[in-house]
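Trainee: Okay, sequence plus prediction incoming.
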Amino acid sequence: MGQTTNQARILIQAHPGAKKSAVVRFEAGVWHIKVAAPPVEGKANRALIAFLSDLLDVPKTRISIEKGAASRRKLVVVEGMTPGLVAARLNDSL
């Protein structure tokens, strides 16, 4: 009935306040990502989405934080990409 789309859900452990945004490692099913913004008033979340948008080459509107907006551990949804493609691009940036 509904529209089928590629969608990837990834677990991210955000490390805000870094000098530069970067993928640090993949450990126990969680991507650890440094974020170049402080965890204040959603700045780190916006910086994380912008960083993922550039890295994955998808519009920011296709990336959302499904769970954990106020936490360092987040469930992020990327519309229009398969989980394998997201993992490959994140892995390439390590």
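Mentor: Right, received. Where do you want to start? Numbers count the residues shown, from 1 in each chain.
Trainee: From now on I want contacts and neighbour counts done on CA atoms only, so please keep to that.
Mentor: Noted.
Trainee: Looking at this protein, which helix is longest?
Mentor: As assigned by DSSP state H, the longest helix anywhere in the chain is helix 43-56.
Trainee: Just the buried residues of it, please?
Mentor: Counting neighbours by 16 or more other C-alpha atoms under 10 Å, one finds that the buried residues in helix 43-56 are 44, 45, 46, 47, 48, 49, 50, 51, 52, 53, 55, 56.
Trainee: now, which of those sits nearest residue 16?
Mentor: Within the set of the buried residues of helix 43-56, residue 44 lies nearest residue 16; the separation is 6.1 Å, counting by C-alpha to C-alpha.
Trainee: In space, what's closest to that closest one - neighbours in sequence excluded?
Mentor: residue 37 (4.9 Å; C-alpha to C-alpha, 6 or more residues apart in numbering).
Trainee: Model confidence for the one you found, exactly?
Mentor: Per-residue pLDDT puts residue 37 at 97.
Trainee: And for residue 5?
Mentor: What the model reports as pLDDT for residue 5 is 65.
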